[in-house]
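S.K.: structure of the sequence below:
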Amino acid sequence: MITGLGPVCAVGMGAEAFWSALCEGRSALGPVRSFDASSLGPKLAGEVEGLNIRELVPKSYRKATKVMARDIDLAVAAARLAALDAGLVTRGSEEGADGFRLVGERTGCHIGAGLISTEPAELGRALAESLDDGGRFSMRKWGTVGEDEGAAGAMNNLPPLWLLKYLPNMLACHVTIIHGCEGPSNTIMGAEAGALQSVGESTRVIERGDAEVCFTGGAESRVNPMGVMRMLLAGRLAETDASVTDGAEVVRPYDAASGGVLGEAGGMLIVEEAAHAATRGARVYAEVAGYASGMDTRPITPGLNGLGNPDEDRGLTRAIRWALRDAGITPEQVDAIAPMALGVPALDRREFGSLRAALGGAAGRPMITVTPNAGNTLAGHGGLMVAAAAMALAEGKLPARVHRGTPEGADAGACEARGAGLRHVLVCAGSFGGQASAVVLKRVG
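M.R.: Down below sits the predicted model:
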């Protein structure tokens with residue numbers, strides 16, 4: 001059972017703020033503010049504002065925030081909000097907090113993470129001192145071995161604990177330490193599919209009896225110079241001039257006149273064993289009824305190659321079929337779909353091809369989209385999608401959709417929030433590296 005939601009993204013922090021923004025049809029995609037992007041082609045992003053991580057960790061843990069990269073900040077913030085939303089008291093709760101106190105050894109943690117992009121300023125001095133006389137990077141000058149042969153030890157200019165900020169497993173490391181999670185813990189690097197893979201991992205851990213409660217989801221920020229350039233070269237971002245300030249004009253899922261915009265997010269959830277949730281009287285948003293993953297060994301990277309099937313992500317097709325089978329439902333029983341809907345035409349084409357292949361006519365079910373609101377948040381995206389789908393089931397309502405164009409085939413166009421008799425929602429995602437996952441959520445009661 002999903003008993004806690006902790007979305008942290010550009011449109012809001014926390015379940016209430018996030019859901020309100022979706023229902024109001026608000027987009028937070030605008031000019032990049034955290035660094036000077038004027039020299040880059042992509043100048044838009046969905047950035048999280050007002051995140052002060054020191055205020056979100058116990059006083060005794062504030063010194064550790066010095067070795068937290070932005071991705072870690074997002075995961076820690078989202079995990080705290082998810083725990084509060086679930087009414088849990090953990091080792092990281094304020095003294096005297098009310099709620100259900102977790103048992104550490106029965107609490108797991110599984111987080112989807114990405115390749116954390118380092119801050120250029122931290123590399124700058126070390127890089128400057130590792131250039132040879134011709135201005136080229138020298139591995140010998142970078143290193144420390146053989147100083148009499150030209151080694152300059154430029155790498156020693158990195159901050160002493162530099163590596164601890166950029167290891168992907170540090171997201172789960174900090175969350176488990178703060179909240180006292182002593183059960184199974186794992187880091188899953190499945191790019192955009194990583195958060196859904198983490199939800200699947202958590203449900204499996206609970207099903208086999210190794211935990212009763214799990215922190216799960218994902219977090220990532222590529223809103224930095226290195227992250228933007230990597231995703232631009234991969235063909236996943238739209239280039240704009242300074243006159244374009246509204247990213248919702250750019251991100252138009254399933255529309256040929258569309259392009260990708262990055263976002264940053266922590267999408268963390270609390271997943272709990274059903275009887276445990278019932279015993280403590282927890283509020284349940286939705287049941288995780290089915291899960292599966294697949295792999296397309298020849299994914300398409302629009303900016304680099306044309307390999308693979310341009311009309312279908314076969315790994316995603318298999319993941320959807322297997323998730324439905326795991327949930328014990330047919331495609332006709334899917335009432336709504338929460339896909340990536342990135343607004344990158346080549347990727348949208350493949351995604352919708354997979355939906356058609358796996359669902360047939362049910363691929364035309366109403367879509368719940370969050371990319372035009374918050375951008376492509378990569379490893380954090382699946383957590384946002386599950387949060388939106390779980391809220392839709394709990395509220396019996398489909399949120400509004402932001403779309404400034406005309407989608408082809410998919411029910412993803414602009415619309416207002418409206419009531420809906422939802423029973424099952426499919427959440428699915430392909431990824432940069434070909435991994436894919438699908439989760440079926442079911443209304444409780």
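S.K.: secondary structure class for A152?
M.R.: With DSSP: H, G, I helix; E, B strand; the rest coil as the basis, A152 sits in coil.
S.K.: return the distance of it relative to F137.
M.R.: 12 Å (Cβ to Cβ, to the nearest Å). Using the backbone N, CA and C atoms, a C-beta is placed for each residue, glycine as well.
S.K.: if I've got this straight, V288 is in a strand?
M.R.: Yes: membership of V288 in a strand is supported by three-state DSSP.
S.K.: could you report the neighbour count for it?
M.R.: Look at V288: counted by other Cβ atoms under 10 Å, it has 27 neighbours.
S.K.: what do you get for G308?
M.R.: 17.
S.K.: hang on, the earlier thing: can you check which residues contact both of A152 and F137?
M.R.: Listed as contacting both A152 and F137 by Cβ atoms under 8 Å, 6 or more residues apart in numbering are S130.
S.K.: quick one, which of the two is more surrounded?
M.R.: The neighbour comparison of A152 against F137 (other Cβ under 10 Å) goes to A152, with 18 against 11.
S.K.: OK, contacts around that one?
M.R.: 129-130, 140-142.
S.K.: next one: L196
M.R.: Taking Cβ under 8 Å, 6+ apart, we find L196 in contact with 112, 190, 291, 293, 382, 385-386, 427-429, 437-439.
S.K.: one more: R349?
M.R.: R349 makes contact with 310-311, according to Cβ under 8 Å, 6+ apart.
S.K.: doesn't it lie inside a helix?
M.R.: Yes: R349 forms part of a helix when assessed by three-state DSSP.
S.K.: per-residue confidence at it?
M.R.: Looking at R349, its pLDDT is 95.
S.K.: also G306?
M.R.: At G306 the predicted local confidence, pLDDT, stands at 65.
S.K.: same check, this time on E147
M.R.: Reading off the confidence values, E147 has pLDDT 60.
S.K.: what does G143 give?
M.R.: Looking at G143, the pLDDT reads 88.
S.K.: just checking, it touches N156?
M.R.: No: using Cβ atoms under 8 Å, G143 is not in contact with N156, being 9.9 Å away.
S.K.: of those two, which one has the most company?
M.R.: G143 (17 against 12).
S.K.: which one is the more buried one nearest to, not counting chain neighbours?
M.R.: With sequence-adjacent residues excluded and distances taken as Cβ to Cβ, 6 or more residues apart in numbering, G143 is closest to A151, at 5.1 Å.
S.K.: contacting residues for the one you found?
M.R.: Counting by Cβ under 8 Å, 6+ apart, A151 has contacts 140-141, 143-145.
S.K.: ok, now G143?
M.R.: So G143 contacts 151, 153, 155 (Cβ under 8 Å, 6+ apart).
S.K.: what is the nearest of those residues to V228?
M.R.: M155 (24.9 Å; Cβ to Cβ).
S.K.: what is the neighbour count of that closest one?
M.R.: Residues lying near M155 (other Cβ under 10 Å) number 18.
S.K.: for it, give its distance to G143.
M.R.: Distance of M155 to G143, computed by Cβ to Cβ: 7 Å.
S.K.: just the terminal-to-terminal distance for stretch 294-310.
M.R.: End-to-end distance of stretch 294-310 (Cα to Cα, to the nearest Å): 17 Å.
S.K.: just to revisit the earlier point, ok, of the contacts of A151, which come out buried?
M.R.: For the contacts of A151, a burial check counting by 16 or more other Cβ atoms under 10 Å picks out 141, 143.
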